[in-house]
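[1] Compute the structure for the input listed below.
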Amino acid sequence: MAQDYIPRPDGDFLAWEQAFITYADANLAALGLVAADLAPITAARDNWESAYLDNDAKQNAARAARQLKDDRRAAFETAVRALVRRLQASAAVSDDERAALGITVRDGVMTPATAAATRPVGLVSTAQRLRHEIRFFDEATPTRKAKPDGVMGCEIWVKVGTTPPADPGECTFLALDTASPYVAEFDGADAGKTAYYMLRWVTTRGEKGPWSETVAATIAG
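    Okay, here's the model as predicted:
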């Protein structure tokens, strides 16, 4: 399909129509036209340009109005947050009054963190030489990156060798990582060997969950 000679964006259309009418008006005879042929075109042009300029001015005014609204809301929020901090710190303000004001009512009951009941799942990328990128997520929520409630991070243990570990006692502690992924670096002497990883969640109270399945990955040289 051939491209339309009339530009679609208004700014480009404005430049095009002005050039069109200017040239046509200056070359009526050469084009086989008379002034009457161009009169309805210039009238339609004038109507469109008037609407275009009016729309442009209103859009600029709307942007300015929105910015003013946003700025004044920010100023209000700053002022009201300062007052709320005073109210929250005041012994004269009850929780019922806080609720009536629509501000935070603090929960005075501490919920103890318990050991994670689920296990992390590990995925290892071997794309880079002497490096493993270890991604982990919870087995109960495999489509999310979030750790289980109350979990501080993922404990990562590794064994480099030819056979998988029979139990975690054969592994060496590598890291306690709070955000996936974790990057493990290896020496050149480890190239071609296999790294076996075992992972488990650790809560904010230091309680440890069950071990993951062992994940094996070759160390690229």
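[2] any idea how far residue 47 is from residue 39?
    Here residue 39 is placed at a distance of 13 Å from residue 47 (C-beta to C-beta, to the nearest Å). In this view, the C-beta of every residue, glycine as well, is placed from N, C-alpha and C.
[3] Residue 95 too?
    From residue 95 to residue 47 the distance is 64 Å (C-beta to C-beta).
[4] and if you look at residue 128?
    64 Å.
[5] Over to residue 159?
    Going from residue 159 to residue 47 by C-beta to C-beta gives 80 Å.
[6] Packing partners of the helix or strand encompassing residue 67?
    Assigned by DSSP states H and E, residue 67 belongs to helix 35-89. When contacts are defined as 3 or more C-beta pairs under 8 Å, 6 or more residues apart in numbering; DSSP states H and E, helix 35-89 packs onto helix 10-26, helix 95-101.
[7] now the ones you listed in a markdown table, with distance to residue 166?
    Shown next, in a markdown table, are these (distance: least, C-beta to C-beta, whole Å):
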| stretch | distance to residue 166 |
| --- | --- |
| helix 10-26 | 72 |
| helix 95-101 | 55 |
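[8] Just list the residues touching the most centrally placed residue in the chain, thanks.
    For the chain, the residue nearest the mean C-alpha position is residue 145 (13.0 Å; C-alpha atoms, centre = their mean). Under the criterion of C-beta atoms under 8 Å, 6 or more residues apart in numbering, the contact list for residue 145 reads 137, 180.
[9] so what's it scoring on pLDDT?
    Residue 145 carries a pLDDT score of 84 in this model.
[10] Which of the three states applies to it?
    State at residue 145, reduced to three classes by DSSP: H, G, I helix; E, B strand; the rest coil: coil.
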